[in-house]
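>>> Give me the fold of what follows.
(4 chains)
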2 protein chains.
Amino acid sequence: MDVKKFLEEGEQHYLPNLSVDIVILGYQNGILKVLLQKLNDKWCLPGGYVGIKETVTDAAIRVLEERTGLKQSYLQLFRVFGDANRSFSKEFEVILKKEGYAWHKDLWINKRFVTLAHYALVDIETVFPNGGIFSLAYDWYAIEELPEMHMDHSAIVVASKEQLQKDITVSPISFKLLPTTFTMPELQKLHETILDKKLERSRFQKKMLAMEIFDRLPKTKDNAQGRKPYLYKFKN
Amino acid sequence: MDVKKFLEEGEQHYLPNLSVDIVILGYQNGILKVLLQKLNDKWCLPGGYVGIKETVTDAAIRVLEERTGLKQSYLQLFRVFGDANRSFSKEFEVILKKEGYAWHKDLWINKRFVTLAHYALVDIETVFPNGGIFSLAYDWYAIEELPEMHMDHSAIVVASKEQLQKDITVSPISFKLLPTTFTMPELQKLHETILDKKLERSRFQKKMLAMEIFDRLPKTKDNAQGRKPYLYKFKN
DNA sequence: TCAAAAGTGTTAAATATACACCCATGT
DNA sequence: ACATGGGTGTATATTTAACACTTTTGA
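Reported below is the predicted structural model:
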C-alpha cells in the first residue's frame, strides 16, 4: 500500500483510534535488543492498525510478519496503553509535510490512539527487517540503551522487559530468542541478561533439564577453552 | 444521559469500536457472584465506552462507579477480546425497536467492538447496583450458574475467574471480596470457592499470617458452635 | 599438566505438607 | 463434659540454595 492511499483510504480499512505496537525482542552478543524504526528524528516501535474485519491477534501477527518476515514467533499482548492524549499527530505533521504529502489535522492517523502493546521473541538471525511505509530506517537497539523515542514508546519497551522478566520465571519461553540449537551456558547467560542478575550454574541447569522440554544433542565447540557444552533443542 | 442523545451523539463523545467490560465479582453465602444486567432477553456484563478525552483506566473506573456506586475497588484489565465480528447490532436492533427508538444499522453502537475486559473485586454488601440506561434489570448471578448471555460475555466471565485464580495465588487481593473485617476461616472458604478445591487449614492460616498484611482484632461470634475465630482487617 | 569451563553430586536451608494436639465455646 | 470448630505445634517430605567435586578440553 502506498502512503497516499493509506492516508486517504486507511480509515475505511482499519479500526479508528486503535493501534497495535510490538516490542520485537532479539538477543545478540549477550545483549537483549529491540527492533526499532526511525520516524522523523526519533525512533518508534513497529506498529500497525487493526483491519475492520481482522482479529486483534491476527493484526499483531500480520504486523510482526510485515516487519520481520517471520510467520511463527512467540507473540503476546501484555498491556494496553490508553492515555487520553496518545497521538502521533505532531510526528505525522512533520514527516508528511517533509515528504510532500497533503497533511491536514483531521487525518485519521492524527487522532488519539489506544494501543495494544505486544512483545515478540525472535531469533534475531532469522529476521529480515522491514521498516514499513513511513520509516526512514530501522535498526536493532540494546534495550538498555534506547535512542530518543516518540511518545510513550520507550515506556512500552521498559514495560515489555518487566513483563518478560515475570514470564520467563513462570514459563519456558526464553529459548525463542535463541537459534534452534543452543547450550545451557548460553541459555543461562540469556536469563541473566533478561533478569539483570547472576544465576547459579548448577541450579539453573537442573531446573531447565527437570522440565524435560529440551533434547540433548552432541556437543558444540564454540568455546575458547574448557569443556565443550552439550547442544540442546526444544522438543517438538 | 438519555438514550436518544446517547445514540445520536455518542460517537462524538466516545472512541468508536472500543468498549470496556467489567466482570464485577462479589462473594455472598459462600458463592462467587457476578453482577449482570439484562438486555433484551439475555444478560450481559456491565460495560461502557471510553470518552474521547478519557484514559482507558478512567473509563473503567467510571463504569464501575456508575454500576456499583463504588469509588475505590480492586479493578484490573485482564484481557482484550478482539474477534472480527464482535458486535451488539442484533441485540440493539431488537431492544431499540421495542423501546421505540429510531434504529438504523449505521448507528455507531452497532459496529464491531474490541473490548477491554476488566474484573473488579467488591464487597457485595456495599454495592448499590445500577443497570445503566439500556438494561431492564440487574442481578447477582452465581459464577457457576450463569444465565444465557449475549455474544462472548459468558466467555469473558469464565476467563476472569481463571485470571482471578492465578492472581490470588500470587498476590493477596482476595480480601477485597470480603467486608473490612473477616476471619481466617472465612478467607479460607473464599479461596476454596475461587480455586474450586479444599485447602489445608493450618497451612492456609500460616501462609496468610506470614505475609503480615493483616491486623488481628478481637473475636467474632457468628459461628454456630466451636471456638470463635479472630477477626482480621487489612493493614492500612 | 594446568587452567578454564561444563557437568554432576552432596549437604544445608527453607518451604510445603500432613497431621496431631490443645483451646474456646455452645449445648 | 463433650462435640465442634479454631489456633498452633511438630514431624516429614519436597524444593531451593550453596558449594564442592569431577570431567573435558585447549594451551
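>>> how about residue A:144, phi and psi?
Torsion angles at residue A:144 (phi, psi; degrees, to the nearest 10) stand at phi -90, psi -10.
>>> Could you count how many residues lie near it?
Look at residue A:144: counted by other CB atoms under 10 Å in any protein chain shown, it has 11 neighbours. For the C-beta atoms, the positions are set from N, CA and C on the backbone; glycine is no exception.
>>> Then residue A:44?
Neighbours of residue A:44 under the rule other CB under 10 Å: 21.
>>> Please state the backbone phi and psi of it?
phi -150, psi 170.
>>> what bridges to it?
residue A:37 (DSSP bridges).
>>> Quick one: residues contacting it.
Residue A:44 makes contact with A:36, A:37, A:38, A:91, A:135, A:149, A:150, A:151, A:153 under the criterion CB atoms under 8 Å, 6 or more residues apart in numbering or on different chains.
>>> out of those residues, who's nearest residue A:114?
Taking CB to CB as the measure, residue A:114 lies nearest residue A:151 of the contacts of residue A:44, at 12.6 Å.
>>> right, is stretch A:78-98 up against chain B?
Yes: Stretch A:78-98 reaches chain B (CB under 8 Å from any CB of the partner chain) through A:80, A:82, A:83, A:84, A:85.
>>> which residues in chain A form helices?
Under the criterion DSSP state H, chain A carries helices at the ranges A:3-13, A:56-68, A:89-99, A:153-170, A:184-195, A:201-210.
>>> can you give me how far stretch A:225-233 is from the chain middle?
29 Å (CA atoms, centre = their mean, to the nearest Å).
>>> now swap in stretch A:147-160 and tell me
On the basis of CA atoms, centre = their mean, stretch A:147-160 sits 12 Å off its chain's mean C-alpha point.
>>> Need the single longest strand in chain A, by residues.
Taking DSSP state E as the criterion, chain A has its longest strand at strand A:14-28.
>>> Just name the most buried of the helices of chain A.
Mean neighbour count (mean count of other CB atoms under 10 Å in any protein chain shown) peaks for helix A:56-68 among the helices of chain A, with a mean of 21.
>>> Please name every helix or strand in contact with that one.
strand A:14-28, strand A:31-39, strand A:47-51, strand A:74-81, strand A:114-121 (3 or more CB pairs under 8 Å, 6 or more residues apart in numbering or on different chains; DSSP states H and E).
>>> any idea of the mean pLDDT in the last one?
Which is strand A:114-121. On average, the pLDDT along strand A:114-121 is 98.
>>> Could you do the third one as well?
Per-residue pLDDT values over strand A:47-51 give a mean of 97.
>>> Which positions within that strand qualify as buried?
A:47, A:48, A:49, A:50 (16 or more other CB atoms under 10 Å in any protein chain shown).
>>> How about that strand and chain B, any contact?
Yes: with CB under 8 Å from any CB as the criterion, chain B is reached by strand A:47-51 at residue A:50.
>>> C-alpha coordinates for that strand, PDB please?
Only the C-alpha atoms of strand A:47-51 are listed here, as PDB (Å, rounded to 0.1, in the frame of the first residue of the first chain):
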ATOM      1  CA  GLY A  47       3.200  -1.000  14.800                       C
ATOM      2  CA  GLY A  48       0.100  -1.000  12.800                       C
ATOM      3  CA  TYR A  49      -3.700  -0.900  12.800                       C
ATOM      4  CA  VAL A  50      -6.400  -3.500  13.100                       C
ATOM      5  CA  GLY A  51      -8.300  -4.300   9.900                       C
END
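>>> Packing partners of it?
Under the contact criterion of 3+ CB pairs under 8 Å, 6+ apart, strand A:47-51 touches helix A:3-13, strand A:14-28, helix A:56-68.
>>> Mind checking the helices and strands packed on helix A:56-68 for the one nearest to residue A:170?
Distance to residue A:170, taken as CB to CB, is lowest for strand A:74-81 among the helices and strands packed on helix A:56-68, at 12.4 Å.
>>> Could you tell me how many residues sit around the residue of chain A at minimum distance from DNA strand C?
DNA strand C sits closest to residue A:226 of chain A, with a gap of 2.2 Å, by CB to the nearest atom of the strand. Neighbours of residue A:226 under the rule other CB under 10 Å: 7.
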